[in-house]
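S.K.: With the input below, show me the fold.
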Amino acid sequence: MKAPAQRRTATFAAVLAVGEFRALWLAELFSQVGDQVARVAIAVLVYDRTGSAALTGLAYALTYLPSLVGGLTLSWIGDRYPRREVIFVVDLTRPRSSG
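M.R.: Numbers count the residues shown, from 1 in each chain. Next up is the predicted model:
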């Protein structure tokens, strides 16, 4: 009988050595940075137009609303249906830019 295999803990260096994970994490980083830049741009635009710190804060806070509401109300779809099909259907139904 063989001895049980020992568990190895993964290190960040080992995980980042895998190209697919590195690309995935970089894509997530760029996505998060882009979202944050958009939030700040909206806040700056609102402050520039209104001069109100309260409206600027409200506009900034409201940028989190789609993620919050979407996560709470639509997360069951990702659990119930195959992920590739969900991604495909969502991509087909999203509005296209006319540019």
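
S.K.: Just the pLDDT for R39.
M.R.: On pLDDT, R39 comes in at 95.

S.K.: doesn't T63 make contact with it?
M.R.: Yes: taking contacts as CB atoms under 8 Å, R39 lies within contact range of T63: 4.6 Å. (C-beta placed from N, C-alpha, C; glycine too.)

S.K.: count of residues packed around Y60?
M.R.: 16 (other CB atoms under 10 Å).

S.K.: ditto for A43
M.R.: 19.

S.K.: List the contacts of it.
M.R.: A43 is in contact with 56-57, 59-60, counting by CB atoms under 8 Å, 6 or more residues apart in numbering.

S.K.: quick one: buried residues of the helix or strand it falls within?
M.R.: According to DSSP states H and E, A43 maps onto helix 19-50. Residues of helix 19-50 classed as buried by neighbour count (16 or more other CB atoms under 10 Å): 39, 43, 46-47.

S.K.: So which of the residues you listed is the closest to L68?
M.R.: Distance to L68, by CB to CB, is smallest for R39 among the buried residues of helix 19-50, at 13.6 Å.

S.K.: any idea how far that closest one lies from Q6?
M.R.: 46 Å (CB to CB, to the nearest Å).

S.K.: And for G78?
M.R.: G78 sits 35 Å away from Q6 when distances are taken as CB to CB.

S.K.: When the two are compared, which one has more neighbours?
M.R.: Ranked by neighbour count (other CB under 10 Å), G78 and Q6 place G78 first, with 12 against 5.
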